[in-house]
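Q: no sequence for this one, just the structure:
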Ligand code: NAD
């Protein structure tokens, strides 16, 4: 599938078919700034067609057993795994991330998402309680919600899209997914795999004459030999509609027959989605941004802390909602940490995404690069110091990539907690380092932003680790590590970082409706 035609023309995937669109958007290669792909600019009409397909597929899909649906998810995981290298190359080109990250994180995790929910769907149980004095037994039943609307961002395109599709279909829903218009390619490639995973076809002798011209009714529909005997993804179960938020996204969110929206993206978009969903009382899951603190105490193991904090600040160009962007360091080790951190940041190599030795690739778009740079400009005007990166060090790029959206990992210091760089999500390779004195003070400062997604705490004192973790207003706290995920456990943010949690049980509960039944005997 890798691009031989330029630019690629993507198509919507509705009811198991690829359908062209009336209008298209340009999609840019972040490493060169060139248009390399055209994405359908879908709107109400395409969403309506997808709703029709998802509605028609729902009765069949929702009545399959969890075991059957699990098999389908495993089949999708197999197909993704077989295409791992092709998908990794495409993700890296489309998003600007390094090929290494796409190969080792994005695509393996997309495979794992299908495998994980294929397994977890087999292990849910319902609740049951007795009320003997009234002769009653109460129990719960869960049913899929219906058509799930899934909206995902550009930073981890296939990873986050599959993290929504897998639990939604595992629970028996049919889905309409809208990936980010900036990174649609791997979702479209997955549609090719969905097509491949369609239920095996039957020979219809009325259309295709058999060599023996058999016309017996009993033989009219026999499976085509040589095709794998797997259950497959029926048409209409997964529909993918490409386009922008204001057109395709809003048409999906506003559609009265889509009772559930799972959204990952920015806080302002979540506000809009909440407004549009309110008249329909939709079920909403909102996974939003962060302004994540790292708290480094004087007894931290700096051998581990420094490289991990460089990674937590700059992995995927700092374009992960969980990236560290405020580093609080206890004053007694502040100078030492800062020196080691800046030295290690300078080793974090910016390179073209296809360079296997690069630690960081290109940012997603010109507009985003300008936005990230504008924060550094503001910090300078406020009197902060830029210790390395943007405007301090020199970026070396091949001539072909001069128009790409690259910048160096940047460390800011001497900055006030009230600065916008310390309050707002920058979502790029920029981090601020500031000193603190006491445990109480740092907890209060870490909690002083509107976000509450992820925090890291570095200390050798187990009591302190538990105390601080408990007091941080954060959906996730990593201590002496970063980004080690256990998919069974809840994932999500507090405050403006989101509403709801994702994970084995949480996703199952979100993608199903629960009913309590009381039986009196
Ligand atoms: P975004 O909000 O601009 O877009 C996200 C998705 O929403 C895209 O598909 C977009 O087309 C769509 N959208 C935009 N406007 C819409 C509207 N009015 N109605 C419906 N859909 C609309 O976010 P982004 O810039 O793509 O992603 C970056 C943001 O995502 C950051 O804030 C980051 O922290 C957040 N994020 C959060 C998590 C998490 O799990 N908490 C994970 C990744 C990214």
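A: Now that the structure is in, tell me what you want to look at. For clarity, every value in this text was computed on a predicted model and none was experimentally measured.
Q: mind listing what residue 426 touches?
A: Listed by CB atoms under 8 Å, 6 or more residues apart in numbering, the contact partners of residue 426 are 318, 325, 371, 372, 375. C-beta: built from backbone N, CA, C; applies to glycine.
Q: which one of those has the most neighbours?
A: The most neighbours of any of these, using other CB atoms under 10 Å, belong to residue 325, which has 26 neighbours.
Q: these two touch, right, it and residue 314?
A: No. Shown here, residue 325 and residue 314 do not form a contact pair, counting by CB atoms under 8 Å, at 10.4 Å.
Q: anything in contact with each of these two?
A: residue 431.
Q: any idea which helix or strand carries the residue nearest to residue 105 when sequence neighbours are not counted?
A: Nearest in space to residue 105, with sequence neighbours left out and distances taken as CB to CB, 6 or more residues apart in numbering, is residue 159 at 7.3 Å. Following DSSP states H and E, one finds residue 159 within helix 157-170.
Q: first to last residue in stretch 88-102, what's the distance?
A: End-to-end span of stretch 88-102 (CA to CA, to the nearest Å): 5 Å.
Q: Use 209 as the first number from now on
A: I'll keep to 209 as the first residue from here, and by that count the last item is stretch 296-310.
Q: residue nearest the centroid of the chain?
A: For the chain, the residue nearest the mean C-alpha position is residue 368 (2.2 Å; CA atoms, centre = their mean).
Q: so how far is residue 385 from it?
A: Distance of residue 368 to residue 385, given as CB to CB, to the nearest Å: 10 Å.
Q: tell me the contacts of residue 502?
A: Shown in contact with residue 502 (CB under 8 Å, 6+ apart): 517, 520, 521, 532, 534, 535, 536, 663, 664, 665, 666.
Q: Tell me how far the fourth one lies from the ligand.
A: Put plainly, it is residue 532. To the ligand, residue 532 is 13 Å away according to CB to the nearest ligand atom, to the nearest Å.
Q: what's near enough to touch residue 564?
A: By CB under 8 Å, 6+ apart, the neighbours of residue 564 are 306, 307, 308.
Q: That one and the ligand, how far apart?
A: Taken as CB to the nearest ligand atom, the span from residue 564 to the ligand is 25 Å.
Q: any idea of the pLDDT on the residue lying closest to residue 704 once chain neighbours are set aside?
A: Leaving aside its chain neighbours, residue 704 sits nearest to residue 658 (4.4 Å; criterion: CB to CB, 6+ apart). Listed pLDDT for residue 658 reads 98.
Q: Show the backbone phi and psi for residue 658.
A: phi -80, psi -20 (degrees, to the nearest 10).
Q: How about residue 492?
A: As for residue 492, its main-chain torsions (degrees, to the nearest 10) stand at phi -130, psi 140.
Q: Quick one, grab the pLDDT at it.
A: 98.
Q: ditto for residue 261
A: pLDDT, residue 261: 98.
Q: show me the contacts for it.
A: So residue 261 contacts 222, 223, 224, 382, 443, 444, 447 (CB under 8 Å, 6+ apart).
Q: where does the stretch 609-729 of the chain come near the ligand, residue by residue?
A: Counting by CB under 6 Å from any ligand atom, the positions of the stretch 609-729 of the chain adjacent to the ligand are 633, 635, 661, 701, 706.
Q: Regarding the first one, what is its secondary structure?
A: Which is residue 633. coil (DSSP: H, G, I helix; E, B strand; the rest coil).
Q: Find the nearest non-adjacent residue to it, please.
A: residue 497 (4.1 Å).
Q: which one is the residue of the stretch 259-408 of the chain found nearest the ligand nearest to, not counting chain neighbours?
A: Across the stretch 259-408 of the chain, no residue is closer to the ligand than residue 361, which sits at 3.1 Å (CB to the nearest ligand atom). Spatial nearest neighbour of residue 361, excluding adjacent residues (CB to CB, 6+ apart): residue 473 at 4.5 Å.
Q: same check, this time on residue 599
A: In space, residue 599 is closest to residue 584, 6.8 Å off (CB to CB, 6+ apart).
Q: does the closest residue to residue 462 other than its chain neighbours sit in a helix or strand, and which one?
A: Closest residue in space to residue 462, ignoring its immediate chain neighbours: residue 484 at 5.1 Å, by CB to CB, 6+ apart. In the assignment (DSSP H and E), residue 484 maps to helix 475-485.
Q: Okay then, goodbye and thanks.
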